[in-house]
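A.B. asks: Structure, please.
(one chain, ligands or ions: 1)
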Amino acid sequence: MKEKLQKIREEALLAIATEGADLEQIRIHYLGKKGELTAVLRGMGALTAEERPVVGQIANEVRADIEKALGEKVKEEKEKLLQKKLEEEKIDVTFPAKASRMGHLHPLTQIQRNIEDIFIGMGFSIVEGPEVEYDYYNFQALNIPENHPARDTQDTFYITDNILLRSQTSPVQVRTMEKQKPPIRIISPGRVYRSDAVDSTHSPLFHQIEGLVVDKGITMGDLKGMLETFAKTLFGEDARLRFRPHHFPFTEPSAEVDVSCFVCGGKGCRVCKNEGWIEILGAGMVHPFVLENCGIDPNVYSGFAFGLGVERIAMKQYGIDDMRLLYENDVRFLDQF
Ligand code: DAH
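C.D. replies: Here you go, the predicted model:
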């Protein structure tokens with residue numbers, strides 16, 4: 001029996017040491033319930049009382065040896081596997097990183113910020129007004145009483161009879177003059193609303209930037225000079241402005257202002273529809289009634305105001321021919337700017 005045990009040990013250790021051995025299979029074969037060692041132990045009943053402990057001890061030693069060899073081999077295999085993995089999955093930390101995809105500002109925001117920067121550079125500050133506005137600020141205080149025809153072109157969305165979504169940023173003029181006494185030099189960017197059907201040049205929501213300067217002795221000359229500086233900074237040194245007489249209820253005199261086409265320089269092209277000029281804003285001298293409505297004495301102070309459409313400028317500057325593209329949030333479109 002002792003020889004049998006020694007043989008089991010030898011065989012088992014050899015099997016374990018063999019390259020590519022199935023260790024679990026070996027464990028079951030020698031140490032399992034139906035394994036060789038167990039079979040030997042079962043036969044111990046036939047031994048004498050003196051032999052039994054001696055053989056028992058040897059059997060235990062054999063079991064311990066096999067378990068130890070198995071344990072070491074398992075550990076060794078695991079280490080080998082890890083080593084192999086480490087070698088195969090080597091990480092080269094000097095390898096250039098995968099570029100992460102960065103978004104950027106929306107073209108409308110870019111244009112708005114450019115315009116803001118230019119006016120900040122001229123000493124203007126930026127103020128904001130509410131998009132849900134009183135009829136008073138959006139119309140009445142701006143010299144547009146009920147039933148005034150100017151309301152037709154600025155039909156908007158009503159919350160109640162006298163609360164609406166502002167149709168222009170001009171109400172911020174009134175809110176500013178109510179709070180702040182001259183000198184005033186502000187611009188006010190923001191969303192405005194009109195109940196217009198969506199097409200390539202209309203949207204019920206769009207963006208304007210309002211400007212207002214009020215002080216003693218402000219003239220139309222100041223307006224022209226300031227707007228010219230603005231246009232040259234935004235569109236380039238060659239940009240020229242053209243003032244066309246117009247009517248706005250809250251300015252007198254009023255003008256619509258065109259810039260020489262920044263694509264063809266005024267010769268006529270697709271962008272300016274062969275006009276050579278592109279309309280960019282409305283402007284004028286603040287109407288005395290508006291000043292009075294805000295508690296500013298028109299005999300002491302005068303001012304100018306202007307309002308420009310951000311979409312219009314963005315579309316012309318980037319050559320975008322359909323306004324809807326600006327709101328669809330298609331990354332393939334937005335990526336280009
Ligand atoms: N609020 C006008 C509009 O939406 C634009 C405008 C014209 C603003 C003349 C002004 C201005 O401040 O003086 O059509």
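A.B. asks: any idea what sits nearest D215, other than its immediate chain neighbours?
C.D. replies: Nearest residue to D215, sequence neighbours excluded (C-beta to C-beta, 6 or more residues apart in numbering): P183, at 4.2 Å. Just so you know, the C-beta spots here come from the backbone N, C-alpha and C atoms, and that holds for glycine as well.
A.B. asks: so what's the one you found up against?
C.D. replies: If you count contacts by C-beta atoms under 8 Å, 6 or more residues apart in numbering, P183 has them with V213, V214, D215.
A.B. asks: mind checking how far it is from V257?
C.D. replies: Distance, P183 to V257, using C-beta to C-beta, to the nearest Å: 23 Å.
A.B. asks: what do you get for H29?
C.D. replies: Distance, H29 to V257, by C-beta to C-beta: 97 Å.
A.B. asks: between those two, who's got more neighbours?
C.D. replies: The neighbour comparison of H29 against V257 (other C-beta atoms under 10 Å) goes to V257, with 23 against 17.
A.B. asks: so the more buried one bridges to which residues?
C.D. replies: Counting by DSSP bridges, V257 is bridged to F243, L281.
A.B. asks: Report whether the expected contact of it with W277 is present.
C.D. replies: No - under the criterion of C-beta atoms under 8 Å, V257 makes no contact with W277, lying 9.7 Å away.
A.B. asks: Pull up the overlap in contacts between the two.
C.D. replies: Shared contacts of V257 and W277, defined by C-beta under 8 Å, 6+ apart, comprise R242.
A.B. asks: So which bits of the chain are right by the ligand?
C.D. replies: Q168, S170, E210, F248, T251, G282, A283, G284, A305, F306, G307 (C-beta under 6 Å from any ligand atom).
A.B. asks: how about JSON lines for the residues you listed, with neighbour count and secondary structure added?
C.D. replies: Putting the residues of the chain next to the ligand into JSON lines (neighbours: other C-beta atoms under 10 Å; DSSP: H, G, I helix; E, B strand; the rest coil) gives the following:
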{"residue": "Q168", "neighbour count": "24", "secondary structure": "coil"}
{"residue": "S170", "neighbour count": "30", "secondary structure": "coil"}
{"residue": "E210", "neighbour count": "24", "secondary structure": "strand"}
{"residue": "F248", "neighbour count": "22", "secondary structure": "strand"}
{"residue": "T251", "neighbour count": "26", "secondary structure": "strand"}
{"residue": "G282", "neighbour count": "22", "secondary structure": "strand"}
{"residue": "A283", "neighbour count": "25", "secondary structure": "strand"}
{"residue": "G284", "neighbour count": "25", "secondary structure": "strand"}
{"residue": "A305", "neighbour count": "24", "secondary structure": "strand"}
{"residue": "F306", "neighbour count": "23", "secondary structure": "strand"}
{"residue": "G307", "neighbour count": "24", "secondary structure": "strand"}
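A.B. asks: For the worst-scoring helix or strand of the chain on mean pLDDT, report the contacting residues that lie outside it.
C.D. replies: The helix or strand of the chain with the lowest confidence, counting by mean pLDDT, DSSP states H and E, is helix 36-42 at a mean of 81. If you take C-beta under 8 Å, 6+ apart as the criterion, helix 36-42 is touched by 1, 4-5, 8, 29-32, 56, 59, 62-63, 66.
A.B. asks: got it, and stretch 28-35?
C.D. replies: Against stretch 28-35 from outside (C-beta under 8 Å, 6+ apart): I8, E11, A12, A15, E36, L37, T38, R63, I66, E67.
A.B. asks: Skip the chain neighbours and tell me the closest residue to K4.
C.D. replies: V40 (5.8 Å).
A.B. asks: residue with max distance from the center of this protein?
C.D. replies: In the chain, the residue that sits farthest from the middle, by C-alpha atoms, centre = their mean, is T48; the gap is 87.9 Å.
A.B. asks: Contacts only, for V214.
C.D. replies: With the criterion set at C-beta under 8 Å, 6+ apart, V214 makes contact with M177, P182, P183, I184, V286, L291, I296, Y301, S302, G303.
A.B. asks: So it lies in a helix, does it not?
C.D. replies: No - assigned with DSSP: H, G, I helix; E, B strand; the rest coil, V214 falls outside any helix and is strand.
A.B. asks: how much space between it and L291?
C.D. replies: 7 Å.
A.B. asks: Name the residue of the stretch 151-300 of the chain that lies nearest to the ligand.
C.D. replies: G282 (2.7 Å; C-beta to the nearest ligand atom).
A.B. asks: what about the strand or helix carrying K232, distance to the chain center?
C.D. replies: K232 belongs to helix 220-235 when assigned by DSSP states H and E. Relative to the chain's own centre, helix 220-235 is displaced by 32 Å; criterion: C-alpha atoms, centre = their mean, to the nearest Å.
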